[in-house]
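Visitor: Everything below, folded, please.
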Amino acid sequence: MMDHADMPRQGDLDGRGNLSERALGDFTLWFLQACIDQVSFMTGLFDLDTLAKRLYRHVERSGLKPEAGRLMEEALTRGEFDRARHPVLADYPNVRRVDCSMT
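Guide: Presented below is the predicted three-dimensional model:
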């Protein structure tokens, strides 16, 4: 489409310069449609619900422990968490529960 946008003018009614105005319009429409398509695609990828589901699937497929999914989801939604919260988030049995509220 970029080559098409640079094609020579097609007759006297196709713009003022030496390049085709119609071809430029076709390219512009194609480019904007591609931009809209990519924005829609990326919006779907970064939707937190679907992103978390894909994160858990990755944990399952890679052979990581299931607790890793909960830790990764916490990092995804909060950005970071205290190291002391690790046992609480991972729901390890026989771990002494401490108050690890975010400050």
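Visitor: Low-confidence bits of this structure, can you list those?
Guide: 1-20, 85-103 (pLDDT under 70).
Visitor: care to break it down by domain?
Guide: The chain breaks down into these domains under automatic domain parsing: 2-45, 48-90.
Visitor: Serialize the ones you listed to TSV and add fields for mean neighbour count.
Guide: Backbone N, C-alpha and C define where each C-beta goes, glycine included. Shown next, in TSV, are the domains of the chain (neighbours: other CB atoms under 10 Å):
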stretch	mean neighbour count
domain 2-45	12
domain 48-90	13
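Visitor: So which elements touch the longest helix seen in the chain?
Guide: With secondary structure taken from DSSP state H, the chain has its longest helix at helix 21-45. If you count contacts as 3 or more CB pairs under 8 Å, 6 or more residues apart in numbering; DSSP states H and E, helix 21-45 packs onto helix 2-5.
Visitor: Assign a three-state SS to the nearest residue to F81 once chain neighbours are set aside, would you?
Guide: Among residues not flanking F81 along the chain, E74 sits closest, at 5.3 Å (CB to CB, 6 or more residues apart in numbering). The three-state assignment at E74 reads helix, by DSSP: H, G, I helix; E, B strand; the rest coil.
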